[in-house]
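Q: My questions concern the predicted model and sequence given below.
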Amino acid sequence: MISDNLRKVQQEIQDSCALVSRSSSEVTLVGVTKSVDLKQTIELAKQGVVHLAENRTDQFLAKKEKMRAFTNVSWHFIGNLQRRKVKTVINEIDFFHALDSLKLANEIQKRAEKTIYCFVEVNVSGEASKQGVAKEELGDFIEQLASYDKIKIVGLMTMAPLHSTKTEQHEIFYKLKKMQETIKAKNLSFAPCTQTSMGMSNDFSIAIQEGATLIRVGTALFED
Ligand SMILES: *Cc1c(COP(=O)(O)O)cnc(C)c1O
């Protein structure tokens with residue numbers, strides 16, 4: 001049941017915050033609905049999860065269209081966005097979690113009709129297969145976004161490698177938090193960078209302990 005799963009996730013958010021003396025109000029739960037149908041997505045919204053995330057353009061647009069009545073829902077786009085799809089989705093989303101190249105930034109700048117709140121995805125682990133800006137290049141990458149008036153960098157996003165240990169997860173999330181604080185300290189108007197989007201079903205407790213402000217949770221909300 002979604003309601004039982006949600007209660008468990010909310011409890012784990014509270015327990016994780018308590019471990020490090022954070023307030024659970026600092027953590028936003030983003031429900032990842034990419035693997036479930038419209039009915040379950042609506043069910044989650046009705047339970048009060050108003051931040052929803054999708055990663056496929058067609059499914060996202062179809063769901064959003066059918067959920068117009070849920071005016072309090074914010075839509076997050078996570079994962080790879082092909083440049084040729086930017087035009088059709090960018091003005092429909094509230095947050096984009098996977099900005100990782102100037103080519104993509106150029107396309108967003110060209111197509112956006114409003115400010116797009118973006119997270120820069122960082123490849124903290126350095127795995128060759130991972131998306132994201134290399135951590136050595138992050139500072140330069142962000143400074144190059146100064147002239148893109150349609151893009152606001154609200155934070156950084158990362159994913160821990162699939163089979164990482166808890167120790168490795170702590171390290172990756174700790175590093176992303178430090179990078180976020182470094183960018184924030186620059187006080188750039190186009191990159192306030194106050195947020196960290198990190199932690200999924202398997203590792204969100206660790207991400208919260210390391211300072212996550214948004215966690216992206218799918219499986220834990222929808223499993224039987
Ligand atoms: C699928 C996905 C999630 C959610 O993963 P779960 O393990 O189902 O919680 C979070 N972030 C991204 C980028 C994803 O693609």
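A: Yep, it's here. Numbers count the residues shown, from 1 in each chain.

Q: hey, where'd the helices end up in this structure?
A: Remark: helices assigned in the chain by DSSP state H are 2-19, 38-46, 57-66, 83-89, 102-111, 138-143, 166-185, 204-209, 219-222.

Q: Give me the helices and strands touching the fourth one, please.
A: Same thing as helix 83-89. Under the contact criterion of 3 or more Cβ pairs under 8 Å, 6 or more residues apart in numbering; DSSP states H and E, helix 83-89 touches helix 57-66, helix 102-111. To be clear about C-beta, it is placed using only N, CA and C from the backbone, and glycine gets the same treatment.

Q: Of those, which is nearest the ligand?
A: helix 57-66 (12.6 Å; Cβ to the nearest ligand atom).

Q: quick one: is that closest one near the ligand?
A: No: Helix 57-66 lies out of reach of the ligand by Cβ under 6 Å from any ligand atom, never closer than 12.6 Å.

Q: so that helix versus helix 38-46, what angle?
A: Between the axis of helix 57-66 and that of helix 38-46 there is an angle of 60 degrees, by axes from the mean of the first three to the mean of the last three Cα atoms, to 10 degrees.

Q: picking up where we left off before, closest to F190 out of the helices and strands packed on helix 83-89?
A: For those, proximity to F190 was assessed by Cβ to Cβ; helix 102-111 is nearest, at 11.2 Å.

Q: what's the spacing between the closest residue to S205 other than its chain neighbours and K66?
A: Excluding the flanking residues, the one nearest S205 by Cβ to Cβ, 6 or more residues apart in numbering is S16, at 4.3 Å. To K66, S16 is 33 Å away according to Cβ to Cβ, to the nearest Å.

Q: between these two, who's got more neighbours?
A: Counted by other Cβ atoms under 10 Å, S16 and K66 do not tie: S16 has more neighbours, with 22 against 12.

Q: Confirm for me that that one is in contact with E210.
A: No: judged on Cβ atoms under 8 Å, S16 makes no contact with E210 at a distance of 9.9 Å.

Q: What does the pLDDT read for the residue nearest to S205?
A: S16 is assigned a predicted lDDT (pLDDT) of 98.

Q: what's it in contact with, if anything?
A: Going by Cβ atoms under 8 Å, 6 or more residues apart in numbering, S16 touches F204, S205, I206, I208, Q209.

Q: Select from these the one having the most neighbours.
A: Within these, I208 tops the neighbour count with 27 neighbours, counted by other Cβ under 10 Å.

Q: Phi and psi next, for T71.
A: Here is the backbone geometry of T71 (degrees, to the nearest 10): phi -70, psi -20.

Q: Could you report the distance from it to C17?
A: From T71 to C17 the distance is 29 Å (Cβ to Cβ).

Q: Same check on F95?
A: When F95 is compared with C17 (using Cβ to Cβ), they lie 22 Å apart.

Q: count of neighbours near E181?
A: 14.

Q: Excluding chain neighbours, give the residue nearest to V86 in space.
A: The spatial neighbour of V86 that comes closest, neighbours along the chain excluded (Cβ to Cβ, 6+ apart), is E107 at 4.5 Å.
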